[in-house]
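A.B. asks: I'd like to go over a predicted model; first the sequence, then the structure.
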Amino acid sequence: MTSASVARGRFISVEGIDGAGKSTHLAWLAAWLLKKGIALQQSREPGGTSLGEKLRALLLNESMSLETEALLMFASRAQHLTEVIEPALARGEWVLCDRFSDATFAYQCGGRGLDQTKFAQLETWVQAREAGLIEPDLTLIFDVPLEVSQARMANGRVLDRFEREQHDFHARVRAAYLERAQQNPQRIRVIDANRPLEVIQAELAEIFADYE
Ligand SMILES: Nc1ncnc2c1ncn2[C@@H]1O[C@H](COP(=O)(O)OP(=O)(O)OP(=O)(O)O)[C@@H](O)[C@H]1O
Ligand SMILES: Cc1cn([C@H]2C[C@H](O)[C@@H](COP(=O)(O)O)O2)c(=O)[nH]c1=O
């Protein structure tokens, strides 16, 4: 097979409020898919590139205006798309990404109140290509009640700027994620993450059973 005929890889993103368990499940899913022989890249946003990780450190730790925050999220994404995501998909590899633009919709629009028109403009600017908008093929939202995520986060970790936000902020983020799932039922799947790990892993194995 020539490189021109390699089938595009799959783009999977995981989302959820802070402490929902998405990083835990992403690591498990990556190991499970690798065992099935699927070549993949595991990455995250903000971050995923050398520049993106520097932007991540600023975003998670420095105070900044709402506009700066939204623009830096998309700056990290622009770099991530051109440097990591698009080349990997073109090589036929899967990309498993810990958060993508649904997170901007949930945190910057839902949590912070950014105008959705501005979000749509930035999304088009950064993600539009000739073939259409680059979006995940499948997005898993790990959903838990706030008391559960707060209890999981309280378990001995140093909280970043987003994690230190008030209860109302996280409630708005969760509501925005669920709204986004309702708007995109063909792409987004909500997973009840308030269950034992092995039960959630069995659901993930079922979802990906037919994927090759
Ligand atoms: N289903 C579960 N049952 C019990 N504990 C869980 C479950 N899922 C995750 N945890 C635990 O909750 C904590 C938070 O999980 P994790 O770091 O994966 O969340 P996260 O959604 O990636 O958080 P963040 O977005 O803030 O990085 C970890 O200690 C993890 O072991
Ligand atoms: C991509 C993206 C992320 N965020 C926020 C959400 C989280 O609180 C942090 C990332 O840290 P994580 O716990 O490792 O997921 O960034 C955001 O506000 N907007 C975004 O687009």
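C.D. replies: That came through fine. Ligands and ions are numbered 1, 2, ... in the order given.

A.B. asks: What residues of the lowest-mean-pLDDT helix or strand in the chain count as buried?
C.D. replies: Of all helical and strand segments in the chain, the minimum by mean pLDDT, DSSP states H and E falls on helix 146-153, at a mean of 94. Within helix 146-153, the residues that count as buried by 16 or more other CB atoms under 10 Å are 146, 148-150, 152-153. Using the backbone N, CA and C atoms, a C-beta is placed for each residue, glycine as well.

A.B. asks: Next, please give the residue ranges for the helices of the chain.
C.D. replies: Counting by DSSP state H, the chain has helices at residues 22-35, 50-61, 66-80, 86-90, 101-104, 116-127, 146-153, 167-183, 197-207.

A.B. asks: which one of those is the most hemmed in?
C.D. replies: Most buried of the helices of the chain, by mean neighbour count (mean count of other CB atoms under 10 Å): helix 101-104, with a mean of 24.

A.B. asks: Who are the packing partners of that helix?
C.D. replies: Contacts defined by 3 or more CB pairs under 8 Å, 6 or more residues apart in numbering; DSSP states H and E place helix 101-104 against strand 11-15, helix 66-80, helix 116-127.

A.B. asks: near ligand 2 at all, that helix?
C.D. replies: Yes: shown here: helix 101-104 in contact with ligand 2 (CB under 6 Å from any ligand atom) through 103-104.

A.B. asks: Now that helix: average pLDDT?
C.D. replies: Helix 101-104 shows a mean pLDDT of 98 in the predicted model.

A.B. asks: hmm, who's touching that helix?
C.D. replies: Here helix 101-104 makes contact (CB atoms under 8 Å, 6 or more residues apart in numbering) with 13, 15, 45, 70, 73-74, 77, 119, 122-123, 127, 135, 139, 141, 177, 180, 188.

A.B. asks: go again using 6 Å as the cut-off
C.D. replies: For helix 101-104, contacts defined as CB atoms under 6 Å, 6 or more residues apart in numbering pick out 15, 73, 123, 139, 180.

A.B. asks: Excluding sequence neighbours, find me the nearest residue to the second one.
C.D. replies: Just to be clear, that refers to residue 73. Using CB to CB, 6 or more residues apart in numbering and skipping residues adjacent in sequence, the residue nearest residue 73 is residue 104, 5.2 Å away.

A.B. asks: swap in residue 98?
C.D. replies: residue 44 (3.8 Å).

A.B. asks: pLDDT score assigned to the one you found?
C.D. replies: 98.

A.B. asks: Residues of the protein that sit close to ligand 2?
C.D. replies: When proximity is defined by CB under 6 Å from any ligand atom, the chain lies next to ligand 2 at 18, 45-46, 73, 98-99, 103-104, 107-108, 162.
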